[in-house]
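Trainee: coordinates only, sequence not included:
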């Protein structure tokens, strides 16, 4: 079996191969979810993570990638972003060989731990546990049907004034990059993520700046995706809450709800619900072919689970952040 690093940048043939492996695995393992598009796969391979050094390998029947963090606070750890084997090639040692290559890279780079997001109850969990990973943060994916939610949103808008936040706040919507004038305020608000459930995950929350925010958002756009941010702001310019919606492929049927943050001093005013409602309205207008919005939430993040339930999100599947100490 030959394990080959991808070219830099990957060729069209390499992208097509990677896409075919992921599509075959997604169709077999998660038949209810759309497979990644070629646009999504090509973007992820050709525009690397802003948080660290990305490494990619492929065999005839499988692919694997690592992100070796270089953000200053997580230089001891890494993320196994992909380790996928075609369904018809499993149980022949392909995944084990790729993991051995990835582990070799981790040790050579001085990493002491590595994490991966794994779907629960499937072949990925069985493989992860077999090589020594443990679930350190239980989560789940939740999905909102945009077409059904429009009816809910319309009724709420008629009753509550189009999802307006509490008195003293105003909603702002920014497609693409957050404007320079607001980037630092959004970065400061991101600090509220420090109290989000992290389980025993070895990764540390980064301190965000306007530059780091723009770099993360620019990566999404450079990969061919679409991004919208909705924020609730105070009269003095503080961002009290915000949410982000990302389409990894603007032509695709599914969007991802990235961070939804409410600053502690502004909690209890319905701002999380308000920014999500406004985001739903924006998504329906800007992306008329959009069918679902998916988001992952930790099992013990009770406030966000309650907000999502009120907005019609349904649980799709369990996932976990699995971690291995090297």
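Mentor: Now that the structure is in, tell me what you want to look at. Owing to the predicted nature of the structure, the values given are computational and were not obtained by experimental measurement.

Trainee: quickly find the element holding the residue nearest to the spatial centre of the chain.
Mentor: The residue lying closest to the centre of the chain (CA atoms, centre = their mean) is residue 258, at 5.9 Å. Assigning secondary structure by DSSP states H and E places residue 258 in strand 254-262.

Trainee: residues in contact with that strand?
Mentor: 33-34, 189-190, 192-193, 240-248, 271-272, 275-276, 279, 283, 287, 290-295, 304, 307 (CB atoms under 8 Å, 6 or more residues apart in numbering). For every residue, glycine as well, the C-beta is placed using N, CA and C.

Trainee: the residue nearest to the centre of the chain and residue 32, how far apart?
Mentor: To residue 32, residue 258 is 22 Å away according to CB to CB, to the nearest Å.

Trainee: same check, this time on residue 121
Mentor: 14 Å.

Trainee: more crowded one of the two?
Mentor: residue 121 (11 against 7; other CB atoms under 10 Å).

Trainee: please name the nearest non-neighbouring residue to that one.
Mentor: residue 318 (6.7 Å; CB to CB, 6 or more residues apart in numbering).

Trainee: next up, phi/psi of the one you found, please.
Mentor: With angles defined as degrees, to the nearest 10, residue 318 sits at phi -80, psi 140.

Trainee: so what pairs up with it in the strands?
Mentor: Beta bridges link residue 318 to residue 140 when assigned by DSSP bridges.

Trainee: again, but for residue 117
Mentor: residue 321.

Trainee: that one reaches residue 319, doesn't it?
Mentor: Yes. With contact defined as CB atoms under 8 Å, residue 117 reaches residue 319; the gap is 5.8 Å.

Trainee: and the residue nearest to the centre of the chain, what's its pLDDT?
Mentor: Per-residue pLDDT puts residue 258 at 93.

Trainee: do residue 284 as well
Mentor: pLDDT, read off for residue 284, is 85.

Trainee: tell me who's in contact with residue 57.
Mentor: 3-6, 63-65, 98, 101-102.

Trainee: among these, name the buried ones.
Mentor: For the contacts of residue 57, a neighbour count by 16 or more other CB atoms under 10 Å gives the buried set as 3, 6, 63-65, 98, 101-102.

Trainee: can you give me the helices in this structure?
Mentor: 12-29, 38-46, 94-108, 123-130, 146-160, 180-190, 210-222, 271-286, 302-310 (DSSP state H).

Trainee: low-scoring stretches of this structure, by residue?
Mentor: 150-164, 195-197 (pLDDT under 70).

Trainee: now residue 261. Nearest residue, chain neighbours left out?
Mentor: Per CB to CB, 6+ apart, closest to residue 261 is residue 192, 4.9 Å.

Trainee: and for residue 22?
Mentor: Closest to residue 22 by CB to CB, 6+ apart is residue 36, at 5.4 Å.

Trainee: in its sheet, what does the strand holding residue 258 sit against?
Mentor: Sheet pairing for strand 254-262, using DSSP bridges, gives strand 239-247 (antiparallel), strand 292-298 (parallel).

Trainee: would you mind finding the most buried of these?
Mentor: Highest mean neighbour count of those: strand 239-247, a mean of 25 (counted as mean count of other CB atoms under 10 Å).

Trainee: list the contacts for the residue lying closest to residue 264 once chain neighbours are set aside?
Mentor: Leaving aside its chain neighbours, residue 264 sits nearest to residue 192 (6.1 Å; criterion: CB to CB, 6+ apart). Residues near residue 192 by CB under 8 Å, 6+ apart: 261-264.

Trainee: next one: the nearest residue to residue 207 once chain neighbours are set aside relative to residue 115, how far apart?
Mentor: For residue 207, ignoring the flanking residues on the chain, the nearest one in space by CB to CB, 6+ apart is residue 191 at 7.3 Å. Going from residue 191 to residue 115 by CB to CB gives 22 Å.

Trainee: same check on residue 1?
Mentor: Distance from residue 1 to residue 115, by CB to CB: 26 Å.

Trainee: these two: who's more crowded?
Mentor: Each of residue 1 and residue 115 has its neighbours counted (other CB under 10 Å); residue 115 has more, 19 against 11.

Trainee: report the distance from stretch 51-60 to the chain centre.
Mentor: From the chain centre to the centre of stretch 51-60 is a distance of 18 Å (CA atoms, centre = their mean, to the nearest Å).

Trainee: what of stretch 319-326?
Mentor: 16 Å.

Trainee: what's in contact with it?
Mentor: Residues outside stretch 319-326 that contact it (CB under 8 Å, 6+ apart): 103, 106-107, 111-120, 125, 128-129, 131-141, 199-202, 296.

Trainee: hmm, try it at 6 Å
Mentor: Contacting residues not belonging to stretch 319-326 are listed as 106, 112-120, 128, 132-133, 135-139, 201 [CB atoms under 6 Å, 6 or more residues apart in numbering].

Trainee: try stretch 212-219
Mentor: Contacts for stretch 212-219 (CB under 6 Å, 6+ apart): 47, 50, 177, 183, 186-187, 227.
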